[in-house]
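Trainee: A structural model of the following input is requested.
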Amino acid sequence: FDVIHLRGHTPGSVALALRPTAERPATHLFTGDCLFPGGPGRTTTPEEFDSLMTGLETHVFDVYGDDTVIYPGHGDDTIIGEERPRLAEWRERGW
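Mentor: Numbering: from 1, shown residues only. Modelled structure (predicted):
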């Protein structure tokens, strides 16, 4: 697993990335409460929101391909390609 630090939801929040193999061609990303279908996890201040969004943009969306499967801490799974087009909307919406 690759460990991805995503401060914002909590100071110690991380996501875990299971890189692809010949038998499993897509990356599998376990995001806990940092990323869900439709948006980032809950934050309580604008600074936490900015930290989480910056982490998601630079350490998740700028690194992993559209076929990366996202497993949030609860709720439905999604893929990066479904969520990537919404990044600007999430930023505009704010915390």
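Trainee: going by C-alpha atoms from here, please, whenever you check contacts or count neighbours.
Mentor: Noted.
Trainee: show me the contacts for residue 90.
Mentor: 39, 40 (CA atoms under 8 Å, 6 or more residues apart in numbering).
Trainee: helix or strand: which one has it?
Mentor: helix 87-93 (DSSP states H and E).
Trainee: return that helix as CSV; C-alpha atoms alone will do.
Mentor: Taking Å, rounded to 0.1, in the frame of the first residue of the first chain, the C-alpha atoms of helix 87-93 are listed here in CSV:
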residue,chain,number,x,y,z
LEU,A,87,-13.3,19.3,-8.4
ALA,A,88,-14.0,23.0,-9.3
GLU,A,89,-17.6,22.6,-8.1
TRP,A,90,-16.4,21.3,-4.7
ARG,A,91,-14.0,24.2,-4.3
GLU,A,92,-16.7,26.7,-5.2
ARG,A,93,-19.2,25.0,-2.8
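Trainee: ok, and for that helix, which residues are buried?
Mentor: By neighbour count on 16 or more other CA atoms under 10 Å, the buried set for helix 87-93 is 87, 90.
Trainee: show me what the mean pLDDT comes to for it.
Mentor: Across helix 87-93, pLDDT averages out at 96.
Trainee: and that helix, how far out from the chain's middle?
Mentor: 14 Å (CA atoms, centre = their mean, to the nearest Å).
Trainee: with stretch 12-26 instead?
Mentor: That offset, for stretch 12-26, works out to 12 Å (CA atoms, centre = their mean).
Trainee: ok, now how distant is the nearest residue to residue 38 once chain neighbours are set aside from residue 21?
Mentor: Distances taken as CA to CA, 6 or more residues apart in numbering place residue 83 nearest to residue 38, at 6.6 Å, with adjacent residues excluded. Distance, residue 83 to residue 21, by CA to CA, to the nearest Å: 23 Å.
Trainee: what about those two, which has more around it?
Mentor: residue 83 (18 against 9; other CA atoms under 10 Å).
Trainee: thank you kindly, that will do.
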